[in-house]
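Undergrad: Below are the sequence and a predicted model for it; my questions follow.
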Amino acid sequence: MNRCQDASEVFVTSIDNRPIEPTPRHGEQQRREPMPGESFRFIHASDFHLEKPLGDLDELPPPLKEQMALAPHQAMDAVFEAALSKNIDFVLLTGDLLNPNAAGPYGINRLLSQFEKLNQAKTAVYWAAGTADDPQNWPDACAFPPNVTLFPRDRATAISVVRGGRPICQVVGRSSDGRASLHVPGFQTESGFQSESSGEFTIGVGHGDATTETLAESRFDFWCLGGRHNRLELEDNDGVVAVFAGTPQGRDLKEAGPHGYSIIDVDADHNVRVSEIQCDVFRYENVKLDSADVASVGTIQNLIGERIVRLQHDAGGRHLIIGWDIGIDSTDLMGRVGDSESLLDWIQREYGHGAPAAWSTRLRIRPPQKYPKSWYDEDTILGDYLRIVGDHRKGDAKAINLLPMTEEHPGLPTSTTTMLAEIPAPNKQETLDQATLLGVELLRGGKPDWVKQS
């Protein structure tokens, strides 16, 4: 489709930018004789979300903020630069590239300029929109270059991709109709599922969650899908049958690890090789440490430094945004860890301003669930407190109701009362652990000196 104001029309160009026959309308038939297979290569990318900034932006030092603001666009640029330099036959995009209303003129123009570069190089783009980039949301004045085919959302469209006058594969695509899961029957065209009748290698292109079992209904040779921000490959007994390319740039710690796009090679015998190409500028990482990790080094600072060096090596020069989760199940190790706020401040000062930077955005220390037995045996308020906590642990911490306690303090802010009354059940055990540590610290007149306790 070459104009976003008419999402129902699809104008298709071949890989060398010459017109090919459009998909037949209802009631028409189109049949092709099976052709000898040809090898080809294409890029699959998805979920650019150019309208969404990266998380933790407010916490970073100014130089990193500026780079982080540009990271989603730089990651997208890397996808299109690869399409121009790696002998690519065409590009498949599987939705949520940007919300035109939220991304504004800058985001729209950035995307259109990349489309135009591919148009000049006579490289076709086949695009199944998601929910963010729904064809109905695009401005009427927006015109895509003729190399871009945006699939309609109300029907599947089959396109025979041509190179040098010969078909190399068939692409069957449909933009999202708003469902969270892919509706595989909706990918039937007037001639049914195309792979059985055409003999060409057939690729399904869509946006939405799916399983290997549901995709098998189509009998397509391969699927390129969007809608997941973390990369996922679906396999059957013959190998990879579908790829969620994921977003080229992660946005927060829920999207930790490498991000990028796929280069997919198909040989003359229809064997598929999928290569993951990393192009993220910032990389989020979740790091978990436990008592064994802490006990293996002299100080917690040494342990954290070693992990950061390892992460930087694996990240290949990218900036890191790190979340730390330190679980201590032994009280004699708490002294090595210290205060979470002080430790986080030290990590940020020591590693957060380098080139590349390793910025730690959060650090959680999960306290022990057992304390020295002598403390439980004390005939003191501390002993009473720990024994009460112990009773809660033997029972069901999830059943703790804090609302009556808030009613005893009418001066509490409404927000605090609501937060205490609505602690999610899965978090109540963690809340009990943290409250126990806080109570111990207050009743002992400060943070315990764990190392000296027996």
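TA: Cool, got the structure.
Undergrad: When you work out contacts or count neighbours from here on, use the C-alpha atoms and nothing else.
TA: Will do.
Undergrad: residues in contact with the helix or strand containing Gln312?
TA: Under the criterion of DSSP states H and E, Gln312 resides in helix 300-315. Helix 300-315 is contacted from outside by Pro258, Arg283, Asp293, Val294, Val297, Arg318, His319, Leu320, Arg336, Val337, Ala358, using C-alpha atoms under 8 Å, 6 or more residues apart in numbering.
Undergrad: following that helix, which helix or strand comes up?
TA: Counting by DSSP H and E, what follows helix 300-315 is strand 319-327.
Undergrad: Mind picking the two most distant members of the contacts of helix 300-315?
TA: Maximum pairwise distance among the contacts of helix 300-315 (C-alpha to C-alpha): 31.5 Å, between Pro258 and Arg336.
Undergrad: Give me the more crowded residue out of those two.
TA: Pro258 (24 against 16; other C-alpha atoms under 10 Å).
Undergrad: Tell me if I'm right that that one and Ile277 touch.
TA: No: Pro258 lies out of contact with Ile277 (C-alpha atoms under 8 Å); the separation is 9.1 Å.
Undergrad: Could you check the angle the longest helix anywhere in the chain makes with strand 319-327?
TA: What stands out as the longest helix in the chain, according to DSSP state H, is helix 62-85. Computed with axes from the mean of the first three to the mean of the last three C-alpha atoms, to 10 degrees, the direction of helix 62-85 lies at 120 degrees from that of strand 319-327.
Undergrad: Need the contact partners of the very next helix or strand once past helix 62-85.
TA: Next helix or strand after helix 62-85 toward the C-terminus (DSSP H and E): strand 90-93. For strand 90-93, contacts defined as C-alpha under 8 Å, 6+ apart pick out 15, 41-46, 83, 123-129, 205, 224, 226.
Undergrad: buried ones in the very next helix or strand once past strand 90-93?
TA: Next helix or strand after strand 90-93 toward the C-terminus (DSSP H and E): helix 100-120. By neighbour count on 16 or more other C-alpha atoms under 10 Å, the buried set for helix 100-120 is Pro100, Ala103, Gly107, Ile108, Leu111, Leu112, Phe115, Glu116, Lys117, Leu118, Asn119.
Undergrad: And the residue nearest the centre of the protein?
TA: Relative to the mean C-alpha position of the chain, the nearest C-alpha, by C-alpha atoms, centre = their mean, is the one of His229, at 2.8 Å.
Undergrad: For the closest residue to it other than its chain neighbours, grab the count of nearby residues.
TA: In space, His229 comes closest to Gly246 once its chain neighbours are excluded; the distance is 4.2 Å by C-alpha to C-alpha, 6 or more residues apart in numbering. The number of residues packed near Gly246 is 27, by other C-alpha under 10 Å.
Undergrad: Could you verify my assumption that Gly246 touches Asn230?
TA: Yes: Gly246 is in contact with Asn230 according to C-alpha under 8 Å; the separation is 4.7 Å.
Undergrad: which one in this structure is furthest away from the centre?
TA: Asp379 (52.8 Å).
Undergrad: Confirm that that residue sits in a strand.
TA: No: counting by DSSP: H, G, I helix; E, B strand; the rest coil, Asp379 is not found in a strand; it is coil.
Undergrad: Per-residue pLDDT of it, please?
TA: We have a pLDDT of 91 for Asp379.
Undergrad: Same question for Arg18.
TA: 34.
Undergrad: Likewise for Lys447?
TA: 59.
Undergrad: again with Thr414
TA: Thr414 is given a pLDDT of 77.
Undergrad: and it, how far is that from Lys428?
TA: 20 Å (C-alpha to C-alpha, to the nearest Å).
Undergrad: Return, as residue ranges, the portions of the stretch 1-150 of the chain with sub-threshold pLDDT.
TA: 1-36 (pLDDT under 70).
Undergrad: run the last query once more with 90
TA: 1-38, 55-66, 104, 135-143 (pLDDT under 90).
Undergrad: One more: the stretch 301-450 of the chain?
TA: 326-342, 354, 364-377, 382-383, 385-450.
Undergrad: Tell me which stretches of it form helices.
TA: Using DSSP state H, counting those that start in this stretch, the helices assigned to the stretch 301-450 of the chain run over residues 334-337, 340-351, 373-377, 381-394, 403-407, 414-421, 428-443.
Undergrad: tell me which residues form a beta bridge with Leu289?
TA: Ile326 (DSSP bridges).
Undergrad: same thing with Arg41?
TA: Beta-bridge partners, per DSSP bridges, of Arg41: Asp265.
Undergrad: Please apply the same query to the one 4 residues further on.
TA: Beta-bridge partners recorded for Ala45 (DSSP bridges): Leu93.
Undergrad: And for Val243?
TA: Cys224, Glu233.
Undergrad: Could you give the number of residues near it?
TA: With other C-alpha under 10 Å as criterion, Val243 counts 22.
Undergrad: Please apply the same query to Trp127.
TA: Trp127, neighbours per other C-alpha under 10 Å, totals 26.
Undergrad: quick one, what contacts it?
TA: Applying C-alpha under 8 Å, 6+ apart, the residues contacting Trp127 are Leu92, Leu93, Thr94, Gly95, Val148, Thr149, Leu150, Phe151, Gly173, Ser175, Val205.
Undergrad: Export these to CSV and append columns for distance to Ile159 and neighbour count.
TA: Shown next, in CSV, are these (distance: C-alpha to C-alpha, whole Å; neighbours: other C-alpha atoms under 10 Å):
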residue, distance to Ile159, neighbour count
Leu92, 12, 24
Leu93, 15, 26
Thr94, 16, 31
Gly95, 18, 29
Val148, 12, 26
Thr149, 10, 24
Leu150, 12, 30
Phe151, 10, 28
Gly173, 8, 33
Ser175, 14, 27
Val205, 11, 29
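Undergrad: any chance of the residues you listed in TSV, with distance to Gln348 too?
TA: Output for the contacts of Trp127, formatted as TSV (distance: C-alpha to C-alpha, whole Å):
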residue	distance to Gln348
Leu92	40
Leu93	38
Thr94	37
Gly95	36
Val148	45
Thr149	46
Leu150	45
Phe151	46
Gly173	47
Ser175	44
Val205	43
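Undergrad: Closest one to Arg273 out of those, please.
TA: Using C-alpha to C-alpha, the contacts of Trp127 come closest to Arg273 at Leu92, 15.8 Å.
Undergrad: measure the closest one to Thr157 for me?
TA: In terms of C-alpha to C-alpha, Leu92 sits 14 Å off from Thr157.
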